[in-house]
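Asks: Provided below are the primary sequence and the corresponding predicted coordinates.
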Amino acid sequence: MPGIVPTRWLKAIAFALCAGALAPAALAADPAGRVAKPSISVDRATQCIDTPAVMRRTHMDLLKHQRDRTVRAGVRGEKVHLNACIECHAGPGAGAAAGSAVGSPQAFCEGCHRYAAVKLDCFECHQPKPGSARPAAAARAFIAGTAASQPGAAPGATQ
Amino acid sequence: MQASIVTTAPAPHRFWLVAALGAALVALGLGAAHYMEVEGHVVTGMNNHVVWGLPHVFAIFLIVAASGVLNVASIGSVFGKAVYKARAPLSGLLCLAMLAGGLMVLMLDLGRPDRMIVAATHYNVTSVFAWNVLLYSGMAAIVAVYLWTLMERRMNRYSKKAGLAAFIWRLVLTTGTGSIFAFLVARQAYGSALLAPMFIVMSFAWGLAVFLLAQAAVYAWNGMTVPAHASRRMTRLLGVFVAATLYLVAAHHLTNLYFARQFDFERFVLVEGGLYPLLFWAGYVAVGSVLPLLLIYGGDAARPRNPVIASALVVVGAFCALYVFIIGGQAFPLELFPDATTRSTFLDGQVAPYAPSLPELLLGIGGVAAAFLITVIGVHVLDFLPHDASPESGATDDGG
Amino acid sequence: MSEHQRIDSPPATQAREAVRAGTSRRALLGAGAAGLAGVLLAPGIRLIEIAAAQGARAAGEPASSKVRWGMLIDTTRCASDCNQCVTACNTENGLSGGTSPTDSQWIRKVEIRHRDTGRTSSAPVMCQHCANPPCVDVCPTGASFKRADGIVLVDRHTCIGCRYCVMACPYKARSFVHEPLTAQKPDVPRGKGCVEGCTMCVQRVDRGLQPACADACPEQAILFGNLNDPDSAISRRIREIATTRIREDLRLDTGVRYHGI
């Protein structure tokens, strides 16, 4: 009965109430304990590339642009290097995440991706287990700082 | 305004049964596609030597017939034949439905169907496949607009222009489909400029055959009969298209036979290849071309059963022709060293094995079922039944 | 050897001892270095290749069209029963080595018998890395592409698995991955639903090494090098001896040439 019951007003009020109930949950910035953190335990005091907060938001873009540079243009020795990430973050020193970047809830990549329900496409093709001699050496060199001479690893480089 | 049609449509629950059957077949097709995606193509009969199998036979038939079925509408709108004009909406619906079904099969057979966004955002302009993405989606949009001009009274005056646009677009589209194969220089079965026009004429024949089958079904469902003059004209036209297709296929093979370097392939596909010559001669030539021609021109074409049987035979012949073309063309080995026999672990010099598997068949049938479902729902919900002017009057016809 | 001079003793004795110690120590160090080098370099790299290598590209530097990688395969040195190039490719790239119709084969040995003369030969056939690749023309997403230095690759991030490139390749160089993979090599990502083929071992070439097949051939039948450098071994050789390309009539300008087929 559109003339008697103010249906349009009722709808507007109901919508506002719902939005008001849900908004705080949406806007809440990272309440403690709700966001899954990957277990990072490597022999290094500082981060490899950037802070965890920045990495959480930008790692997909970093990897995506690096992959195009490497595959299409043939650029090697970039600071962002998927195998190097895996060597450390899924390597023997990575605690519960050791062994593979996917495959268990504590695995480095899978931990957050499960929580965020974002499907991982990388490991259809990429090897999630560490173990190649070359990336390990490159990763260790990078961590030790000897890779600082490479252009991509310059300390002043912005992400 | 056209007089309303008197129909004796069956009880509503029969519609739901038919729709449910179509939906079930579509679901089976989707399930088969999911199985193929998760397990990989190893569960199909396809391999590294025959990479396009039964799903592609279905998909290419559906897409070629989709563009061809619009011919009925084009003859009405572009060439002004009233009998065809009355059938234009049904023809447009069938075009959209089969395009959807064919593309569904094609996209689900991809190795990475989850990468559809990548396909839609990365275009290699030298690739016919990339053009086809634009051509097929453009076709759907143009046919939708064309249908709107046909069925919305206020837009009727634009239907001729829309019809012309649709006609030209689908000629380009079918050229694109034929070019998929025409541009392949590597294989002896393909790499011929003749393939694009051949596909266009094939689309005329197969599209009209599908239209006649669908029309007969729609009329029978509603307890009506197709007007005799319409049936006669369209059946004769089917005969012309079938003959024209046979001519182009013959020209293609005769030219190949003239070239010494193509001789081995022709011997394989026409004589020695086992299943492939059988499907070509018995399936396409005899059952799919000669027999329909006899039915159409031999008997009295006004009799209702001929169009249906002839059309069904043409469709069977189409599948046989596509099977030989797509799969036979891959089965014949590539000639790396034309004057030598070769042998290797990668089946160089050997005919490649291929046997269709159940997931492939289910996916192909799922595509046909999707087209069927869209047509059934469309005809049930909207006014797609042809509104013929007084059946006996020839005044609105352009003669013939 | 400056550390020997830091020993604290009279100069003459020091000198004599230094020489004796130095000699034996030198020998020990030499043996140790050789052993270590052997251990480190054993996985497929031989010293001669390092000497012959073009040199690794500097980090951060893209591939350049100044270089065009190519191969010259001398099939007169190819034995019918030798498969070392195939085995090396499978090991380097993580292929299963299977030969069923659904298994990927990036390189295969083709036994050729000419019909008119009866002459037989044996040749490894892989992606020919054409300068006008039909596979690149037909790929709808541009996943099949030619790198600036001539190597034809599949960008598996963009490949949708349509297999059009497999249809288009005159050499049947491409394979389609038919099942899920888990044992990929970290440097050679490959996966279900994508198309793949010989990459001329880009992961090795970019580090200044040769492709695995060229490395492994016991007869050194595969000569790898820069076709754009007139002084490279391969350029000099193809000026000296008669070489052909497979299906030269197609004018694809392949980077792989053959002698003796």
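Replies: In hand now; what should we look at?

Asks: in chain C, which helix or strand is least confident?
Replies: The helix or strand with the lowest mean pLDDT-type score in chain C, counting by mean pLDDT, DSSP states H and E, is helix C:47-52 (a mean of 43).

Asks: immediately after that one, which helix or strand?
Replies: strand C:69-74 (DSSP states H and E).

Asks: mind telling me what element B:Tyr84 is part of?
Replies: B:Tyr84 belongs to helix B:82-86 when assigned by DSSP H and E.

Asks: that helix - contacts with which helices or strands?
Replies: Judged by 3 or more C-beta pairs under 8 Å, 6 or more residues apart in numbering or on different chains; DSSP states H and E, the packing partners of helix B:82-86 are helix B:54-77, helix B:228-258. Quick note: C-beta positions are derived from backbone N, CA and C, even for glycine.

Asks: try 6 Å this time
Replies: helix B:54-77 (3 or more C-beta pairs under 6 Å, 6 or more residues apart in numbering or on different chains; DSSP states H and E).

Asks: what sits up against the helix it packs on?
Replies: Helix B:54-77 is contacted from outside by B:81, B:84-85, B:87-88, B:91-92, B:94-95, B:98-99, B:101-102, B:105-106, B:109, B:159-160, B:163, B:167, B:170, B:173-174, B:202-204, B:206-207, B:210-211, B:318, B:322-323, B:326, B:356, B:360, B:363-364, B:367, using C-beta atoms under 6 Å, 6 or more residues apart in numbering or on different chains.

Asks: the residue in chain A that chain B sits nearest to - how many residues pack around it?
Replies: The nearest approach of chain A to chain B comes at A:Asp121, 7.8 Å away (C-beta to the nearest C-beta). A:Asp121: 13 surrounding residues under other C-beta atoms under 10 Å in any protein chain shown.

Asks: got it, and C:Pro189?
Replies: Neighbours of C:Pro189 (other C-beta under 10 Å): 23.

Asks: just give the closest residue to it, not the sequence neighbours.
Replies: In this structure, C:Pro189 finds its nearest non-sequential neighbour in A:Cys125, 4.0 Å apart by C-beta to C-beta, 6 or more residues apart in numbering or on different chains.

Asks: same question, C:Ser104
Replies: Spatially, and ignoring its direct neighbours in sequence, C:Ser104 is nearest to C:Ser175 (3.8 Å; C-beta to C-beta, 6+ apart).

Asks: tell me which residues touch the one you found, please.
Replies: Going by C-beta under 6 Å, 6+ apart, C:Ser175 touches B:48, C:104, C:196.

Asks: just C:Gly260 next, same as before
Replies: C:75-76.

Asks: for it, grab phi and psi.
Replies: phi 100, psi 10 (degrees, to the nearest 10).

Asks: pLDDT value on it, please?
Replies: On pLDDT, C:Gly260 comes in at 92.

Asks: can you report how many residues lie near the closest residue to B:Met46 other than its chain neighbours?
Replies: The shortest distance from B:Met46 to any non-neighbouring residue, by C-beta to C-beta, 6+ apart, is to B:Gly53 (4.4 Å). By other C-beta under 10 Å, the residues close to B:Gly53 number 26.

Asks: next one: A:Asp68
Replies: So A:Asp68, with other C-beta under 10 Å, has 14 neighbours.

Asks: which SSE is it in?
Replies: Going by DSSP H and E, A:Asp68 is in helix A:52-68.

Asks: what's next to that helix, contact-wise?
Replies: A:78, A:80, C:157.

Asks: I'd like those residues as a markdown table, with secondary structure, pLDDT and distance to chain B appended.
Replies: Shown next, in a markdown table, are the contacts of helix A:52-68 (DSSP: H, G, I helix; E, B strand; the rest coil; pLDDT from 0 to 100; distance: C-beta to the nearest C-beta, whole Å):
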| residue | secondary structure | pLDDT | distance to chain B |
| --- | --- | --- | --- |
| A:Glu78 | coil | 85 | 22 |
| A:Val80 | coil | 88 | 21 |
| C:His157 | coil | 95 | 8 |
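
Asks: which of the residues you listed are buried, as a PyMOL select command?
Replies: PyMOL command restricting the contacts of helix A:52-68 to the buried ones, with burial defined by 16 or more other C-beta atoms under 10 Å in any protein chain shown:
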select buried, (chain A and resi 78+80) or (chain C and resi 157)
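
Asks: now the contacts of helix A:52-68 as TSV including distance to B:Phe384?
Replies: Output for the contacts of helix A:52-68, formatted as TSV (distance: C-beta to C-beta, whole Å):
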residue	distance to B:Phe384
A:Glu78	58
A:Val80	56
C:His157	44
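
Asks: relative to C:Gly60, which of the contacts of helix A:52-68 is nearest.
Replies: Relative to C:Gly60, the closest of the contacts of helix A:52-68 is A:Glu78; by C-beta to C-beta it sits at 7.2 Å.

Asks: for the closest one, phi and psi?
Replies: The phi/psi pair for A:Glu78 (degrees, to the nearest 10) reads phi -70, psi 160.

Asks: now do the one 3 residues further on
Replies: A:His81 adopts backbone torsions of phi -150, psi 110, taken as degrees, to the nearest 10.

Asks: repeat that for C:Ile222.
Replies: Dihedral pair for C:Ile222: phi -100, psi 120, per degrees, to the nearest 10.

Asks: what do you get for B:Ala144?
Replies: Dihedral pair for B:Ala144: phi -60, psi -40, per degrees, to the nearest 10.

Asks: if I look at it, how far off is chain A?
Replies: 32 Å (C-beta to the nearest C-beta, to the nearest Å).

Asks: ok, C:Ala233 next?
Replies: Separation of C:Ala233 from chain A (C-beta to the nearest C-beta) stands at 22 Å.

Asks: what sits closest to A:Asp121 if chain neighbours are left out?
Replies: Leaving aside its sequence neighbours, A:Asp121 sits nearest to B:Asp114 (C-beta to C-beta, 6+ apart; 7.8 Å).

Asks: how about B:Met98?
Replies: B:Ala66 (3.6 Å).

Asks: residues of stretch B:341-360 that come out buried?
Replies: B:342-349, B:351-352, B:354, B:356-357, B:359-360.

Asks: how far out from the middle of the chain is that stretch?
Replies: Offset of stretch B:341-360 from its chain centre (C-alpha atoms, centre = their mean, to the nearest Å): 27 Å.

Asks: spell out which parts of the stretch 151-261 of chain C neighbour chain A.
Replies: Residues of the stretch 151-261 of chain C found near chain A (C-beta under 6 Å from any C-beta of the partner chain) are C:155-157, C:184, C:186, C:189-191, C:206.

Asks: return the member of these nearest to A:Ala14.
Replies: So of those, ranked by how close each gets to A:Ala14 (C-beta to C-beta), first place is C:His157, at 45.1 Å.

Asks: ok, and the closest non-adjacent residue to B:Trp148?
Replies: B:Met155 (5.9 Å).

Asks: and that neighbour, that one's in a helix?
Replies: Yes: assignment of B:Met155 by DSSP: H, G, I helix; E, B strand; the rest coil places it within a helix.

Asks: before we move on, the earlier item: list the ones among the buried residues of stretch B:341-360 that fall in strands.
Replies: B:342-344 (DSSP state E).

Asks: nearest to chain A among those?
Replies: Closest to chain A out of those is B:Ser344 (27.0 Å), distances taken as C-beta to the nearest C-beta.

Asks: just checking, that closest one touches C:Ile107?
Replies: No: between B:Ser344 and C:Ile107 there is no contact under C-beta atoms under 6 Å: 10.2 Å.

Asks: cheers, nothing more for now.
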